[in-house]
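In: How does the following fold in three dimensions:
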Amino acid sequence: MTKLSVNINKIATLRNSRGGNMPNVLQVAKDVQKFGAHGVTIHPRPDERHIRYQDARDLKPIVYTEYNIEGNPVQKFIDLVLELQPTQVTLVPDADDALTSNFGWDTIKNKTFLAEVIQEFKRNNIRTSIFVDPVLHMIEGAKGTGTDRIELYTEHFAHQYGLGNKAGINSYVEAAVLASQLDLGINAGHDLSLDNILFFKENIPGLLEVSIGHALICESLYLGIENVVNMYLHKLK
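Out: So this is what the prediction gives:
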């Protein structure tokens, strides 16, 4: 079964928009695990506009499933990950002012940098994953960094699927096949939703984990978060 990690950044965004502690990030993390999610994902950014660095620390004793921390490996982020020792760190090349992650790593140009960061995390027994586009030479480049896994950036697939173009998944299938041949674990995330997750899961060989936040939280506003989590779990079996 493909694992579901719930990204709770949007919960923090809603909380921060009003001040106070509603909705409660820690309670939501407890709830999604209780409802069956296999992990919790957060993506703290330097400006802390949604998940705050203190949230990351407060979540550490709360998350008893897989704890996945995403982010651009600036020194502050590296220090946080080494302090908290999560299950997995996912490296994302987003700029400080990026609204959301919008491209994968150039694993050729950034090979040395990524390899050094990944080596440090692996010395601390933290599983590593890097955010990549479904481009074959970038998958090959990822292998050269020493990462354990890749996370396929799925925005293009989701957009094409929404237009009715199911062929938009082809590059992802090719990337997944190559990743498996290179002994890289395969994660995926970005704009995956209840509308497209089953098709994606059924067509991507070796898919270990999906990280879903924005769509899942939006769907939960209508359908209820427990129901939505279980709907994803059903589709991912």
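In: Below-threshold pLDDT in the protein: ranges please.
Out: Across the chain, residues meeting the criterion (pLDDT under 70) sit at 95-102.
In: repeat that with 90
Out: For the chain, the stretches with pLDDT under 90 are 19, 46-47, 94-103, 222, 225, 237.
In: which residues in it form strands?
Out: Using DSSP state E, the strands of the chain run over 3-7, 39-42, 66-71, 88-91, 127-132, 149-153, 185-189, 207-212.
In: what's the closest non-adjacent residue to Leu91?
Out: Nearest residue to Leu91, sequence neighbours excluded (Cβ to Cβ, 6 or more residues apart in numbering): Ile130, at 4.7 Å. Yep, even glycine has a C-beta here, placed from its N, CA and C like the rest.
In: How much space separates the spatially most central residue of the chain from Asn165?
Out: Compute the mean C-alpha point of the chain, and by Cα atoms, centre = their mean the closest residue is Ser211, 4.1 Å away. As for Ser211, its distance to Asn165 is 24 Å (criterion: Cβ to Cβ, to the nearest Å).
In: just Leu236 next, same as before
Out: Applying Cβ to Cβ to Leu236 and Asn165 gives a distance of 23 Å.
In: More neighbours: which of these two?
Out: The neighbour count for Leu236 versus Asn165, taken as other Cβ atoms under 10 Å, is higher for Leu236 (18 against 11).
In: Can you name the residues that contact the more buried one?
Out: Neighbouring residues of Leu236 by Cβ atoms under 8 Å, 6 or more residues apart in numbering: 1-4, 197, 201, 210.
In: Narrow these to just the buried residues.
Out: Burial by neighbour count, judged by 16 or more other Cβ atoms under 10 Å, picks out 2-4, 197, 201, 210 from the contacts of Leu236.
In: For stretch 22-42, buried residues please.
Out: 25-26, 28-33, 35, 37-42.
In: Good, wrapping up.
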